[in-house]
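A.B. asks: Here's my sequence, what's the structure:
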Amino acid sequence: MSALPISNLSLYRVLVKNYFLGKPLSEVRRIIFPLTPDGIFNPQGRVRSAFLPHLAKEISVACHQEVDLDRLVKTLEDNDLLSKTADREQIEDAGNIYRSMIRERDRYQRTMVLLNHVNRFGFNPNDNREIATHCLSETFLFRSTQVFTVDPKKETWLHRYSVGEDRPTPYGNPSVPLERSVDDFVAKLICSKIPPERIALEKMRGLYQYERRADWSSLYIPDIERFTKSLEANSVNVPRSEKPEEVLYLIFGRPEDIYVNVYIAAQQQIGGSFTLGKKHFQMLLESFASFLSPARKLEYAHQQLQIFSVTDALTGLVNRKKFFEKIEDEFSRASRYDRSFSLLIFDIDLFKRVNDTHGHQAGDYVIKTVAEVAKRASRTNDVVARYGGEEFVIVAPETGENGAYVLAKRLRETIEETKFVYDGTITIPLTISIGVVTYDPAKNHINNITEMIYYADQALLKAKHEGRNRVIIADFPKPE
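C.D. replies: Now for the predicted structure:
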């Protein structure tokens, strides 16, 4: 919210000066706005005295200090902000009227905050996670909000973004939670590994409330310390904490998804408590989810389109387009920092004979299986791509000529030793020929990737002419 209405701007300044010094103005603005609805002011913009005791009480809660009513009266009088016709302005049941006004204004404000945030959702998952985290924090006034991505297959967690109080997290890298921890429990919930009978029993004992929808679910824990101890002890008979702290988990995704987003929200800043039983809280939560769920589906679809655009449909390897991007990046990095890297080009020997003898489906099987073997034989940082037809390439970063030869030799031997059995009955013996070139600024003059690919391709042709099923290192001009 950019500005307060003129009618309570002066009151806002007085309250900041006397009760909220040191707090960020954006936070003070968010706190004071719901507490000063237009109805507490008379037509001249002064506070009606009947509402003053209730305003003082709410400010005490908001600023975490006792607000002396007499001092507040004097402060407002000194600033000409208190109605001087107090005796004629007695309002029957002022407390209920005031509470009703601030409740409605608070609802309006939070709804507008939510809408302002969710309208910014787009295709970028990282941006969406940040927007959603701020939306939760500012709409529900959570003391801290964190978002993680969980891999349902591996049950690993990765921290993505946080707002509010700093809370230490062990998930700077993808990690499996400690056994019998709350995060371990949540990961098992995501993967549908917690029996419904256990969920029903623990809900009845007041340990948590778990609600599952089509694309998202919520886990409300009224006493996180008690629930943590119950998991460690493997028992529901754990006493309540002296000062229970509430935590809310919002889970977006399903067990079959590549990743699931988990938002963890700690107890609210003001008022101290949130529960799923509060009608407006629940309405806002449902509204938030109704915006985030389709945004998440769109971002996932967008990601898939991006993946498809750079992936070979048959083999699942990087395609020719992405290969050129990768080798351009690697050449640029290696030339800038005087580093070496290598390129391998290989193809399947006598591949046409496979198609002519066994058919094109058998040929597709061979290409796909060779791709799988090449991927397994390569290292984590190597880029394996389908270059076209039965031809493949490998970009090997930080790899000199000797290392590239070892990689190529291992790949050639692995292909030769692999039994390719098509349709369960047809055994197809295969070999490959490989051309290798290394960019090494101390040993050769290669000016660009076009030259590099040319030398690798010439080495491959030489391997073919010399009898196939072999590795040839490229010949290229030496420094003068």
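A.B. asks: Next secondary structure after the worst-scoring helix or strand of the chain on mean pLDDT?
C.D. replies: Here the helix or strand of the chain ranked lowest by mean pLDDT, DSSP states H and E is helix 94-118, holding a mean of 70. Where DSSP states H and E defines the elements, the next helix or strand beyond helix 94-118 is helix 125-140.
A.B. asks: buried residues in the helix or strand following that following helix?
C.D. replies: Next in sequence after helix 125-140, counting helices and strands by DSSP H and E, comes strand 144-151. Residues of strand 144-151 classed as buried: 144-151 (neighbour count, 16 or more other C-beta atoms under 10 Å). All C-beta spots, glycine's among them, are computed from the backbone N, C-alpha and C.
A.B. asks: As a check, name the ranges of all strands in this structure.
C.D. replies: 144-151, 156-164, 209-212, 216-221, 247-252, 260-266, 341-348, 383-388, 391-397, 420-422, 426-428, 432-439, 471-473 (DSSP state E).
A.B. asks: Tell me which of these lies nearest to K229.
C.D. replies: Closest approach to K229 among these (C-beta to C-beta): strand 216-221, 12.1 Å.
A.B. asks: what's the distance between the closest one and the middle of its chain?
C.D. replies: 18 Å (C-alpha atoms, centre = their mean, to the nearest Å).
A.B. asks: So what angle separates the directions of that strand and strand 260-266?
C.D. replies: 30 degrees (axes from the mean of the first three to the mean of the last three C-alpha atoms, to 10 degrees).
A.B. asks: and for strand 216-221, what are the contacting residues?
C.D. replies: 182, 186, 189, 207-211, 227, 246-253, 275-276, 285, 289, 292-293 (C-beta atoms under 8 Å, 6 or more residues apart in numbering).
A.B. asks: I'd like the distance between I32 and G424.
C.D. replies: 75 Å (C-beta to C-beta, to the nearest Å).
A.B. asks: the more surrounded of the two?
C.D. replies: I32 (21 against 5; other C-beta atoms under 10 Å).
A.B. asks: Leaving out the residues flanking it, which one is nearest to L69?
C.D. replies: Leaving out its chain neighbours, the residue that sits closest to L69 by C-beta to C-beta, 6 or more residues apart in numbering is A56, at 5.0 Å.
A.B. asks: doesn't R71 make contact with that neighbour?
C.D. replies: No. With contact defined as C-beta atoms under 8 Å, A56 does not count as touching R71 (9.3 Å).
A.B. asks: Which one's more surrounded, the two?
C.D. replies: A56 (17 against 11).
A.B. asks: Just put the strands of the chain in JSON lines and tack on mean pLDDT and distance to P239.
C.D. replies: Below are those laid out as JSON lines (pLDDT from 0 to 100; distance: least, C-beta to C-beta, whole Å):
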{"stretch": "strand 144-151", "mean pLDDT": "93", "distance to P239": "26"}
{"stretch": "strand 156-164", "mean pLDDT": "93", "distance to P239": "29"}
{"stretch": "strand 209-212", "mean pLDDT": "92", "distance to P239": "19"}
{"stretch": "strand 216-221", "mean pLDDT": "93", "distance to P239": "16"}
{"stretch": "strand 247-252", "mean pLDDT": "93", "distance to P239": "18"}
{"stretch": "strand 260-266", "mean pLDDT": "93", "distance to P239": "22"}
{"stretch": "strand 341-348", "mean pLDDT": "97", "distance to P239": "62"}
{"stretch": "strand 383-388", "mean pLDDT": "96", "distance to P239": "57"}
{"stretch": "strand 391-397", "mean pLDDT": "97", "distance to P239": "57"}
{"stretch": "strand 420-422", "mean pLDDT": "94", "distance to P239": "63"}
{"stretch": "strand 426-428", "mean pLDDT": "94", "distance to P239": "68"}
{"stretch": "strand 432-439", "mean pLDDT": "96", "distance to P239": "67"}
{"stretch": "strand 471-473", "mean pLDDT": "96", "distance to P239": "70"}
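A.B. asks: Could I get those strands in TSV, plus columns for distance to F121?
C.D. replies: Converted to TSV, the strands of the chain look like this (distance: least, C-beta to C-beta, whole Å):
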stretch	distance to F121
strand 144-151	14
strand 156-164	15
strand 209-212	23
strand 216-221	14
strand 247-252	12
strand 260-266	13
strand 341-348	40
strand 383-388	32
strand 391-397	36
strand 420-422	47
strand 426-428	50
strand 432-439	43
strand 471-473	51
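A.B. asks: Which of these sits closest to T75?
C.D. replies: That would be strand 156-164 among the strands of the chain, by C-beta to C-beta, at 30.7 Å.
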